[in-house]
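Asks: 3D model of this:
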Amino acid sequence: MKALVIAQLTFREGLRKKLVLGVVLLSLVFAALYVWGFHLFVQDWRAMEAHRQAQGATTILPYEVFASAMVLLGLWTVNFLAGVMTIFAAVGTIASEIEQGTLHAIVPKPIRRWEIVLGKWLGYAGMLAMYIGVMVAIVTTTAHFIGDYQPPNILQAYGLILLVALMLLSLTMLGSTLFSTVANGVIVFMLYGMAITGGLVEQIGTALDNDVLVRIGVIVSILVPSDSMWRLASYLVQPRIAVNFLGPNPFGTTVPPSSLAVWYSVGYMVVLLLLAMARFQRRDL
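Replies: Predicted structure coming up:
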């Protein structure tokens, strides 16, 4: 299948981009700081527990509540970095090559236009799957070996974080067939920010028992469901005692999206990809 050849070339090209290399370097800095921060957290916890036991006091909350909060913070950062890398890696995947005339040498060959779009999508999807897998592994192994804590449902969380990135990838590629590179980057990044803000508004509405704010968050999650999938991932990787203690917060939720929301997000990703294929099929080069 010719799309697989395009996917392989896109994967290699993506790894060579300076932006992707920049995100990888920042991710390595984050990983080092995260390991150090988790180590300091464990030290402080043990010192606090020793002091409390010396005074004959009992532990207020289990260790896993605070350890899960550290894991939640790490995975939120991974989710955010993956989203940013997705948008800016694929922002000009079609538009910039049309502007530079690169596609003029490819399109006349015996390859369909939809195969070009699908191949590029698969190439970036493979790169994102590898990146997110490595980053999630860093967070969980840090929690396991340094914090002696194993978060639950980590594979499901990995799949949901990857789904967030793939939705953004489909959205970015559709935008690349409609707008210029700069306009596409601005629009998609603003939509991504709107989704994060909508999720925060929904959590505030839940905490205040305000139906209007909750509805606003739900509407935003329908338009761009990226943050709702992160909320579900955050719910799954926390023990119930941590969910109840932390309550609605900027990084998690007490009311997770349903399985219907997951299927909606998968359909959202596929439909946007199909629209990108159809649009590029009719676009003048």
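
Asks: Now residue 136: which helix or strand?
Replies: Residue 136 belongs to helix 113-145 when elements are defined using DSSP states H and E.

Asks: Show the subsequent helix or strand relative to that helix.
Replies: As assigned by DSSP H and E, the chain's next helix or strand after helix 113-145 is helix 154-178.

Asks: So which bits of that next one are buried?
Replies: Within helix 154-178, the residues scored as buried using 16 or more other Cβ atoms under 10 Å are 154, 157-178. All C-beta spots, glycine's among them, are computed from the backbone N, C-alpha and C.

Asks: List the buried residues in the helix holding residue 136.
Replies: 113-125, 127-128, 131-132, 135-136, 138-140, 142-143.

Asks: Tell me the helices and strands packed up against that helix.
Replies: Applying 3 or more Cβ pairs under 8 Å, 6 or more residues apart in numbering; DSSP states H and E, one finds that helix 113-145 makes contact with helix 2-16, helix 18-54, helix 63-90, helix 154-178, helix 259-282.

Asks: Using TSV, please lay out these together with distance to residue 211 and mean pLDDT.
Replies: Output for the helices and strands packed on helix 113-145, formatted as TSV (distance: least, Cβ to Cβ, whole Å; pLDDT from 0 to 100):
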stretch	distance to residue 211	mean pLDDT
helix 2-16	43	75
helix 18-54	37	86
helix 63-90	26	91
helix 154-178	26	95
helix 259-282	19	93
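
Asks: which one of those helices lies closest to residue 245?
Replies: With Cβ to Cβ, the closest approach to residue 245 among the helices and strands packed on helix 113-145 belongs to helix 63-90: 5.3 Å.

Asks: Which strands and helices lie in contact with that closest one?
Replies: Contacting helix 63-90 under the criterion 3+ Cβ pairs under 8 Å, 6+ apart are the following elements: helix 18-54, helix 113-145, helix 154-178, helix 181-208, helix 226-236, helix 240-246.
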